[in-house]
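[1] Predicted model and sequence follow; I will ask about them next.
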Amino acid sequence: MTNAGEKNLGRRQLLVRGAKAAVSIAVAGALAYSMYDREGPKREAEKIKLVSLPDFSVPGRDEQTLAIVAGEDRAKTAAKAVELLGGIERFVSPGDVVAIKPNIAFASPSILGATTHPDVISAIVRLCYEKGRAKKVIVTDNPINDPASCFTISGIGKAAAAAGADVVMPKEGLFQYTTLEGGKLIVNWPVYYGPLEEADKLIGIAPVKDHHRSGASMTMKNWYGLLGGRRNIFHQDINTIIAELAMLVRPTLVILDGTVTMMTNGPTGGSISDLKKTNAMIASCDMVAADAFGSSLLGLEPSDLPYLALAEKAGVGTADYESLKPIRASVT
Amino acid sequence: MLLFSRRTRRFESVIGTLILFLLIATAVGIYILQRDVDMARFGVSSLVAGDSSAAGETSPGGGSLEPRGPSHESLFFGLSTDNFSPVGTAETYNADNLYEKIDGKAPMYVESGFNLLTTQRFVSEDNTELCLEIYLYDMGNPRNAFSVFSRQKRADGTDWPELLYAYQTSNALYVSYGKYYIEAIGFAESQKLIDVMKKIAQQLTAQLGTGDEGKIAELGFFPPQGTIAGSWKLYLNSAFGFEGLSDIFSARFQIGEGMVTVFLGRQGNAAEARTIAESYRDFLTSNGATILSAESEALKSADASVLDFYGSTEIIFTAGRFVGGVHEADEKQSAEKAAEVLLARLNKIGGLGD
């Protein structure tokens, strides 16, 4: 049939069709040229929207910045430590959304001390609801290992849910890019921003651990879990990244659980023999002071942890924790 | 014929129009996707931070989830485990993503020649509280494996005599076998868990076995009398904070009532050993150590350096191609005695020197 059509094709039609084809090619070429990007796709950093982490801190009170409670029962010592700083009502207002950031880095059971103990999480979630009258408490982290395994095996997912908290696991959409003003490392870097965006208050809860790279992992190092991306590259400059995280995150309160301290082979440990009973629970509005005290549980001096000096110099807090006149108590 | 021709032309026009619309839709789709390109999805999110290493699939936080390279998953198939079942499939990690499993410990492994980690979790079919996880590290060669094994050794661990380099704690078992370092971590303190770990370790080493358990010759160079067996550590590089000290073995050494740390390392030749010893001495003095005179005639003869380093005693000497000494001793006298014994031993070995 085509042959029949071609037989009927006159010179005029041929010219018209040829002209149409030429115009089509020219239009397509012009369109492609107008859309051609000589520089190629821009790097995300150059066009991403940067966010700023909110300031979750509450006004300071003289001689109510650091509390140290001795005892073995984590629920009791944690509640007592918060009470000594003025009670949870000082930190959580009725109707607040509270984000709690434990250390759930590993799919490791609480008996090994590599993650925050679920008993502390339960106690603080309940305090937030019962005395702080929080509207919602979120328990979240961006673990190193598979998140579902970490929340399950650490016991934190179950404990938090039983206490009424919303357990939030990391998803791609919850990360946003941020830059720390004057920062050397946190520049256009993805952080776990989603849960913090809706929060009014932020509480960090961390265990006391030896750390192969930084010397210790406590409340300041706990914020490492907020970093996205290939965050392991920061291990090359671990002291700077910990100090920068402490500058970036301004929490309402930090709780350092030194009931058991991982003395060796941190941060993962693995053997119960890596642990030592140290029976201390610390609540603080000054995370530098909390970690400085925590260093003593590891048998270290604050000067052994360079990131404390860096954070202190940046005005985050003081490593001279005794100058804060810590409130001490013990519970049985 | 004409009717057929018209119908055909109409049909061709319809098809042509559809193809044109399809092409336009494709072009628009490409344009939209290109405007919203997310480099992280293509494994180059780290470019934002200047990291040029490529990544595989990305985790919610952007980290790599896909292991690369060969694995040892098949080793875990068909193990006899006394009613302990594997949980999920084995996971593997290479040097790029090892941190996703062990975070801050990863650099120690990577710097020690790490090649591949394979992990597998097991749970008791009778009691789900009883879990354990096996970490099988391929460290490339026996010395690398022994280094990470020895440097993490728990002081209160008790030897497991079934294998050459193995010990257990109340919830875990640790083995250095050939080029492999194996950790079996129990999620509770339980004899049943320990028994299963041992059974798994025996089967794994039997499968991995090439007849070479990775015996480390230098351990036999320490004096048999006084050296605390099992206290050995191998520093592949930067021993005692000094970059120039590599391949150094240390051990705890009983001297009278006290205990000191002695060390030795076999170098290429005697001249090289002397250069390293002098460099280490200079490193210590440049960091505040002061040189003391040795009381021991043997140490004087060997031209050993005895130093006070902020209250502790350091001794460095050479014996043929060996560098040896004492590190961070509380008392100078004990340090010198231990150094004398080690020096005599290394001189006796002699034939290994030049």
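    Perfect, I can see it now. Remember, it's a predicted structure, so these values are computed and weren't measured experimentally.
[2] Chain neighbours aside, what residue packs nearest to the residue most central in space within chain A?
    Nearest residue to the geometric centre of chain A (CA atoms, centre = their mean): residue A:226, 2.4 Å. Leaving aside its sequence neighbours, residue A:226 sits nearest to residue A:192 (CB to CB, 6 or more residues apart in numbering or on different chains; 4.6 Å). Placement of C-beta: from N, CA and C, glycine included.
[3] Double-check the one you found against residue A:224; I have them as touching.
    No: contact between residue A:192 and residue A:224 fails when scored by CB atoms under 8 Å: they sit 10.6 Å apart.
[4] Start from the N-terminal end of the stretch 101-250 of chain A and give the strands.
    For the stretch 101-250 of chain A, the strands defined by DSSP state E, counting those that start in this stretch cover A:136-140, A:166-168, A:175-178, A:189-192, A:201-211, A:215-217.
[5] Now the third one - C-alpha only, PDB.
    Going back to what we said before, that points to strand A:175-178. The C-alpha coordinates for strand A:175-178 follow below in PDB (Å, rounded to 0.1, in the frame of the first residue of the first chain):
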ATOM      1  CA  PHE A 175      17.400  13.900  57.000                       C
ATOM      2  CA  GLN A 176      18.200  17.500  56.100                       C
ATOM      3  CA  TYR A 177      21.400  19.300  55.400                       C
ATOM      4  CA  THR A 178      22.900  21.700  57.900                       C
END
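[6] what about it, near chain B?
    Yes: Strand A:175-178 is in contact with chain B by CB under 8 Å from any CB of the partner chain, via A:175, A:177.
[7] Show me where the stretch 251-354 of chain B has its helices.
    B:270-286, B:297-301, B:332-349 (DSSP state H, counting those that start in this stretch).
[8] other SSEs contacting the shortest one?
    Where contact means 3 or more CB pairs under 8 Å, 6 or more residues apart in numbering or on different chains; DSSP states H and E, helix B:297-301 is packed against helix B:332-349.
[9] List the buried residues of the helix it packs on.
    By neighbour count with 16 or more other CB atoms under 10 Å in any protein chain shown, helix B:332-349 contains the buried residues B:332, B:334-343, B:345-346, B:349.
[10] got a markdown table for the strands of the stretch 101-250 of chain A, with mean pLDDT and mean neighbour count too?
    Putting the strands of the stretch 101-250 of chain A into a markdown table (pLDDT from 0 to 100; neighbours: other CB atoms under 10 Å in any protein chain shown) gives the following:
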| stretch | mean pLDDT | mean neighbour count |
| --- | --- | --- |
| strand A:136-140 | 98 | 24 |
| strand A:166-168 | 97 | 16 |
| strand A:175-178 | 95 | 21 |
| strand A:189-192 | 96 | 25 |
| strand A:201-211 | 97 | 26 |
| strand A:215-217 | 97 | 25 |
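[11] re the thing from before, could I get the contacting residues of the residue nearest to the centre of chain A?
    When contacts are counted by CB atoms under 8 Å, 6 or more residues apart in numbering or on different chains, residue A:226 is found next to A:101, A:142, A:191-192, A:196, A:245, A:249.
[12] Could you list the low-pLDDT ranges of chain A?
    Within chain A, the segments meeting pLDDT under 70 span A:1-8, A:38-47.
[13] CA atoms of stretch B:172-190 as CSV?
    The C-alpha trace of stretch B:172-190 is given here as CSV (Å, rounded to 0.1, in the frame of the first residue of the first chain):
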residue,chain,number,x,y,z
ALA,B,172,32.3,-14.7,75.0
LEU,B,173,34.9,-16.6,73.2
TYR,B,174,37.8,-15.2,71.2
VAL,B,175,40.0,-17.0,68.7
SER,B,176,43.0,-16.1,66.5
TYR,B,177,43.3,-18.9,63.9
GLY,B,178,45.4,-18.5,60.8
LYS,B,179,44.4,-15.3,59.1
TYR,B,180,41.1,-15.3,60.9
TYR,B,181,40.1,-13.5,64.1
ILE,B,182,36.8,-14.9,65.5
GLU,B,183,34.6,-13.4,68.2
ALA,B,184,31.6,-15.3,69.6
ILE,B,185,29.5,-12.9,71.7
GLY,B,186,26.8,-14.2,74.0
PHE,B,187,23.9,-12.0,74.8
ALA,B,188,23.8,-13.4,78.3
GLU,B,189,26.0,-15.2,80.7
SER,B,190,25.2,-18.8,80.2
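[14] Just the buried positions in it, please.
    For stretch B:172-190, burial by neighbour count (16+ other CB under 10 Å) applies to B:172-188, B:190.
[15] now the stretch 1-150 of chain B, which segments are flagged as low pLDDT?
    B:1-8, B:33-71.
[16] now the strands for it?
    Under DSSP E, counting those that start in this stretch, the stretch 1-150 of chain B gives strands at B:84-94, B:116-124, B:131-138.
[17] Name the strands paired with the last one and say parallel or antiparallel.
    With DSSP bridges as the test, strand B:131-138 is paired with strand B:116-124 (antiparallel), strand B:180-186 (antiparallel).
[18] Run through who's touching the first one.
    Residues external to strand B:116-124 that are found in contact with it (CB under 8 Å, 6+ apart): B:69-73, B:75-76, B:81, B:83-88, B:90-94, B:98, B:101-102, B:109, B:130-138, B:192, B:196, B:200.
[19] on that earlier part again, just the ones of the contacts of residue A:226 in helices?
    A:196, A:245 (DSSP state H).
[20] I figured residue A:102 hits residue A:223, correct?
    No: with contact defined as CB under 8 Å, residue A:102 does not count as touching residue A:223 (11.7 Å).
[21] what's the burial count for residue 252?
    Picked chain A for this. Using other CB atoms under 10 Å in any protein chain shown, residue A:252 has 21 neighbouring residues.
[22] oops, I was thinking of chain B
    18.
[23] give me the beta-bridge partners of whichever residue of the stretch 201-350 of chain B sits closest to chain A?
    Across the stretch 201-350 of chain B, no residue is closer to chain A than residue B:233, which sits at 13.0 Å (CB to the nearest CB). Assessed by DSSP bridges, residue B:233 has beta-bridge partners residue B:250.
[24] contacting residues for the residue lying closest to residue A:231 once chain neighbours are set aside?
    Leaving out its chain neighbours, the residue that sits closest to residue A:231 by CB to CB, 6+ apart is residue A:224, at 6.9 Å. Neighbouring residues of residue A:224 by CB under 8 Å, 6+ apart: A:231, A:234, A:241-242, A:245.
[25] returning to that earlier point: how about JSON lines for the contacts of residue A:226, with distance to residue A:179 added?
    Converted to JSON lines, the contacts of residue A:226 look like this (distance: CB to CB, whole Å):
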{"residue": "A:101", "distance to residue A:179": "20"}
{"residue": "A:142", "distance to residue A:179": "19"}
{"residue": "A:191", "distance to residue A:179": "10"}
{"residue": "A:192", "distance to residue A:179": "15"}
{"residue": "A:196", "distance to residue A:179": "16"}
{"residue": "A:245", "distance to residue A:179": "13"}
{"residue": "A:249", "distance to residue A:179": "14"}
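[26] Now which of the contacts of residue A:226 would you call buried?
    The buried subset of these (16+ other CB under 10 Å) comprises A:101, A:142, A:191-192, A:196, A:245, A:249.
[27] Give me the residue at the spatial middle of chain B.
    Centre-nearest of chain B using CA atoms, centre = their mean is residue B:109, 2.9 Å out.
[28] Might you report the residue contacts of that one?
    Applying CB under 8 Å, 6+ apart, the residues near residue B:109 are B:98, B:102, B:117, B:137, B:139, B:148.
[29] Swap in 7 Å and give it another go.
    Residues near residue B:109 by CB atoms under 7 Å, 6 or more residues apart in numbering or on different chains: B:98, B:137, B:148.
[30] what does residue B:255 give?
    B:226, B:334, B:337-338.
[31] partner residues bridging it?
    Residue B:255 has these beta-bridge partners by DSSP bridges: residue B:258.
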